[in-house]
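1. below is the structure, and that's it, no one-letter string:
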Ligand code: HEM
């Protein structure tokens with residue numbers, strides 16, 4: 001090999017090893033452990049930054065021009081529709097991939113010390129991704145975006161004390177208008193990307209600080225047994241590049257065949273029916289059908305988010321890190337939790353819809369719609385935790401994992417009901 005080429009290879013290799021460890025345990029390269037999800041998330045973030053920057057050349061952040069600038073992009077700019085599709089599907093894909101990565105980290109116990117701080121950073125990243133998707137989707141200023149903003153911000157008024165002020169702050173005025181679109185534009189294209197650019201390197205640095213990923217192992221294996229180490233270059237890097245290329249191909253294929261949706265231009269005089277939230281908020285919208293907004297928008301999400309942040313401190317044993325589901329028993333318990341959550345959530349929604357009919361009984365009531373069902377849900381969660389712990393003679397951590405699974409599965413079922421089983425007037429219907 002000529003000397004110059006050798007030097008270039010050496011410099012490239014040294015540059016890469018500033019970001020990655022020199023060697024990694026061979027076991028952590030197993031696809032069935034990380035599923036390459038963290039790496040895929042990185043790829044999608046890069047794709048979003050690139051396509052987002054290009055979109056900024058055409059997009060006009062004002063109520064009169066925003067929608068037309070999207071039409072112009074789609075019809076007059078070469079590859080404009082493709083660019084929009086890639087941005088939209090990468091954003092949606094990133095949420096899904098980050099959620100799966102979050103589940104993999106949880107179920108392999110990779111949030112326990114010394115990785116607890118990275119779990120918190122990860123949750124911050126996840127929140128930033130949700131808000132990035134949410135604010136981007138509003139920039140279209142089509143019927144869906146306009147009415148979603150109008151209806152969701154009206155619900156903020158239920159929050160005691162701060163509601164009206166918060167609504168005004170989000171809208172940038174009393175009504176959806178130029179202030180609203182500018183708020184969302186600045187948050188979407190400056191504040192959240194800056195946050196991601198700052199927090200992501202921190203996330204990677206913490207992985208190195210924790211001295212690599214958790215080592216995958218079976219429950220019977222010694223946690224200290226790492227197995228052989230291999231050089232990061234080429235073993236890890238080649239796998240990452242291959243994964244990135246496959247990911248790019250998949251996003252491109254999806255974007256070539258499926259156009260990002262665009263409804264009619266915003267019309268303040270005509271609301272669409274049904275007005276559905278984007279899929280990642282459908283679980284919350286479905287909760288809103290059954291609970292007072294103070295509980296569905298504030299109390300329940302706050303409790304769940306606090307629980308997630310506190311998780312490494314209440315379920316902190318690192319002994320089972322690297323073992324999927326903590327143990328064989330933990331796996332069975334998680335499965336039981338999914339079955340119980342599915343049955344209980346479907347039964348609860350049907351009971352409320354056809355027997356109690358709380359969503360049709362006029363304005364929400366803080367007692368019958370709020371405190372009472374909330375207390376019942378808390379009692380169910382506590383009962384489930386105690387029962388499953390006793391039935392399986394499980395550890396506290398195994399039981400907490402089952403409770404986490406119960407709540408996550410219930411949220412997924414609510415999301416599915418909202419997306420596929422709600423039709424005109426948000427009535428329950430049989431699929432569609
Ligand atoms: C933009 C979003 C994210 C990106 C780009 C990202 C990227 C990554 C990458 C590349 C890894 C290393 C290997 C792997 O698991 O694939 C990783 C590990 C990790 N991530 Fe994330 N992540 C994101 C979101 C999250 C979230 C939502 C959480 C959890 C709340 C999280 C918590 C962690 C933890 C604790 C580790 C260390 C895991 C271990 O040691 O095995 N990350 N992340």
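-> On my side now, so go ahead. Computed from a predicted model, the values in this text were never measured in an experiment. Residues are numbered from 1 along each chain as shown.

2. double-check residue 333 against residue 402; I have them as touching.
-> Yes: if you go by Cβ atoms under 8 Å, residue 333 and residue 402 touch, sitting 4.3 Å apart. All C-beta spots, glycine's among them, are computed from the backbone N, C-alpha and C.

3. the more surrounded of the two?
-> residue 402 (27 against 24; other Cβ atoms under 10 Å).

4. wait, the more buried one touches residue 388, no?
-> Yes: using Cβ under 8 Å, residue 402 is in contact with residue 388, at 5.0 Å.

5. secondary structure element for the residue of the stretch 51-200 of the chain found nearest the ligand?
-> As assessed by Cβ to the nearest ligand atom, the ligand sits closest to residue 122 within the stretch 51-200 of the chain, at 2.2 Å. Using DSSP states H and E, residue 122 sits in helix 116-138.

6. ok now that helix, how far from the chain's centre?
-> Helix 116-138 sits 7 Å away from the centroid of its parent chain (Cα atoms, centre = their mean, to the nearest Å).

7. ranges for the strands of this structure?
-> For the chain, the strands defined by DSSP state E cover 23-25, 229-231.

8. point out where the chain drops to low pLDDT.
-> 1-2, 15-19, 316, 359-362, 431-432 (pLDDT under 70).

9. quick one, longest helix in it?
-> Counting residues, the longest helix in the chain under DSSP state H turns out to be helix 80-107.

10. ok, back up a step: so which of the strands of the chain is the most surrounded?
-> Ranked by mean neighbour count, the strands of the chain are led by strand 23-25 with a mean of 17 (mean count of other Cβ atoms under 10 Å).

11. which strands or helices does that one pack on?
-> Applying 3 or more Cβ pairs under 8 Å, 6 or more residues apart in numbering; DSSP states H and E, we find strand 23-25 packed against strand 229-231, helix 232-257.

12. which one, of these, ends up nearest to the ligand?
-> helix 232-257 (8.7 Å).

13. how many neighbours does the nearest residue in space to residue 278 that is not next to it in sequence have?
-> Distance criterion Cβ to Cβ, 6 or more residues apart in numbering; nearest residue to residue 278, sequence neighbours excluded, is residue 137 at 5.5 Å. Neighbours of residue 137 under the rule other Cβ under 10 Å: 24.

14. contacting residues around the residue lying closest to residue 332 once chain neighbours are set aside?
-> With sequence-adjacent residues excluded and distances taken as Cβ to Cβ, 6+ apart, residue 332 is closest to residue 392, at 7.4 Å. Counting by Cβ atoms under 8 Å, 6 or more residues apart in numbering, residue 392 touches 329, 332-333, 398-399.

15. please apply the same query to residue 30.
-> Residue 30 touches residue 216, counting by Cβ under 8 Å, 6+ apart.

16. now do it against residue 139, distance only.
-> For residue 30, the distance to residue 139 (Cβ to Cβ, to the nearest Å) stands at 40 Å.

17. any shared contact partners between residue 333 and residue 402?
-> 388, 394.

18. backbone phi and psi for the residue nearest to residue 332, please?
-> The phi and psi values for residue 392, taken as degrees, to the nearest 10, are phi -100, psi 10.

19. re the thing from before, report the angle between the longest helix of the chain and helix 116-138.
-> 150 degrees (axes from the mean of the first three to the mean of the last three Cα atoms, to 10 degrees).

20. does any part of helix 80-107 sit near the ligand?
-> Yes: Helix 80-107 reaches the ligand (Cβ under 6 Å from any ligand atom) through 98, 101-102, 105.

21. reformat the residues you listed as CSV; add neighbour count.
-> Listed next are the residues of helix 80-107 next to the ligand as CSV, based on neighbours: other Cβ atoms under 10 Å:
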residue, neighbour count
98, 22
101, 21
102, 20
105, 20
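
22. so which residue of the stretch 201-350 of the chain comes closest to the ligand?
-> The ligand sits closest to residue 213 of the stretch 201-350 of the chain, with a gap of 3.5 Å, by Cβ to the nearest ligand atom.

23. distance check, residue 251 against residue 244.
-> 11 Å.

24. number of residues surrounding residue 271?
-> 13.

25. again with residue 366
-> Counted with other Cβ under 10 Å, residue 366 comes out at 14.

26. leaving out sequence neighbours, find the closest residue to it.
-> residue 292 (5.3 Å).

27. now do residue 170
-> Nearest non-adjacent residue to residue 170 (Cβ to Cβ, 6+ apart): residue 153, at 5.5 Å.

28. before we move on, back to that, where does the residue of the stretch 201-350 of the chain closest to the ligand fall, phi/psi-wise?
-> phi -70, psi 170.

29. so who does the nearest residue to it once chain neighbours are set aside touch?
-> Spatial nearest neighbour of residue 213, excluding adjacent residues (Cβ to Cβ, 6+ apart): residue 28 at 4.7 Å. Residue 28 makes contact with 34, 212-216, according to Cβ under 8 Å, 6+ apart.

30. so how far is the ligand from residue 28?
-> Residue 28 is 8 Å from the ligand, where distance means Cβ to the nearest ligand atom, to the nearest Å.

31. what does residue 429 give?
-> Taken as Cβ to the nearest ligand atom, the span from residue 429 to the ligand is 33 Å.

32. residue numbers of the stretch 201-350 of the chain in contact with the ligand?
-> 203, 207, 210, 213-214.

33. export those to JSON lines and tack on neighbour count?
-> Below are these laid out as JSON lines (neighbours: other Cβ under 10 Å):
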{"residue": "203", "neighbour count": "18"}
{"residue": "207", "neighbour count": "16"}
{"residue": "210", "neighbour count": "16"}
{"residue": "213", "neighbour count": "22"}
{"residue": "214", "neighbour count": "24"}
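
34. okay, and which of those residues map to helices?
-> 203, 207.

35. I'd like the residues of the stretch 201-350 of the chain next to the ligand written out as TSV, with distance to residue 421 added.
-> Converted to TSV, these look like this (distance: Cβ to Cβ, whole Å):
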residue	distance to residue 421
203	36
207	40
210	42
213	39
214	38
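
36. can you pick out the most distant pair from the residues of the stretch 201-350 of the chain next to the ligand?
-> 203 and 214 (15.3 Å; Cβ to Cβ).
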